[in-house]
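Asks: Here's my sequence, what's the structure:
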Amino acid sequence: MAALDIIGALLVLLGSLFLFLGALGILRMPDLYNRMQTGTKATTLGNMLTLVGLGLLEPAWLPKICLIILFVLITNPLSSHALARAAHRAGYPLAAGSVTDALREDEQAGGIEPGSTACQVRDPGSDPQPEVAE
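Replies: Down below sits the predicted model:
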C-alpha cells in the first residue's frame, strides 16, 4: 500500500504543478485565444492527474473519480472551443504576433461575413406563440 500512496501523492503534486502552470500561462499569454488554449490544456491534464492521484490514495473513490475524469475530459475542451468561437464571432482580436486566422479564412471561403452569424435568426414577431390559458 505504501507504493500506491507515494505514486498517488506524486500524481497529486504533478497535477497541482500543471494547474499552477496553467494559471501562469493565463497571465503570460498575449490574447484571449492563447489564454483560453493554455488554461484549457493545462487544467484538463492537471485535473486528471490530481484526480487519479486521489483515486490511488483512496481506492474506494476510484469509480466515481473515473466518471469525473471522463466528464472533465469531454466538457473542458468542448466549452473552451465554444467560448473561443463566440469570442471570434464577437470580434475579439488576435495578438499582433499571430500568423494566421484559420477560422476567418474558412468563413471567407464559405461565403460567411466575418463576425456574422451563420444561421438565420427567427424574428419573434413573425411567428406568434400560442396563447396560454390561465
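
Asks: what about Pro93, how many neighbours?
Replies: Counted by other Cβ atoms under 10 Å, the residues lying close to Pro93 total 12. Bear in mind the C-beta positions are built from the backbone N, C-alpha and C, glycine included.

Asks: Find me whatever residue is spatially closest to it, sequence neighbours aside.
Replies: Nearest non-adjacent residue to Pro93, counting by Cβ to Cβ, 6 or more residues apart in numbering: Asp31, 7.1 Å away.

Asks: which ones are touching the one you found?
Replies: Residues in contact with Asp31 (Cβ atoms under 8 Å, 6 or more residues apart in numbering) are Tyr92, Pro93, Leu94, Ala95, Ser98.

Asks: which of those lies closest to Val12?
Replies: Within the contacts of Asp31, distances to Val12 taken as Cβ to Cβ reach their minimum at Ala95, with 33.8 Å.

Asks: So which of the contacts of Asp31 wins on neighbours?
Replies: Neighbour max across those (other Cβ under 10 Å) = Leu94, 17 neighbours.

Asks: Which parts of this protein are helices?
Replies: Remark: helices assigned in the chain by DSSP state H are 2-28, 32-57, 62-90, 102-109.

Asks: Buried residues in the last one, which are they?
Replies: Right, the one you point to is helix 102-109. Residues of helix 102-109 classed as buried: Glu107 (neighbour count, 16 or more other Cβ atoms under 10 Å).

Asks: Can you check what angle separates it from helix 62-90?
Replies: 50 degrees (axes from the mean of the first three to the mean of the last three Cα atoms, to 10 degrees).

Asks: can you give me the mean pLDDT across helix 102-109?
Replies: Averaged across helix 102-109, the pLDDT comes to 77.

Asks: Distance of the spatially most central residue of the chain relative to Gly8?
Replies: With distances taken as Cα atoms, centre = their mean, the residue of the chain nearest its centroid is Ser80 (2.9 Å). Distance, Ser80 to Gly8, using Cβ to Cβ, to the nearest Å: 28 Å.

Asks: what does Ile69 give?
Replies: For Ile69, the distance to Gly8 - Cβ to Cβ - is 14 Å.
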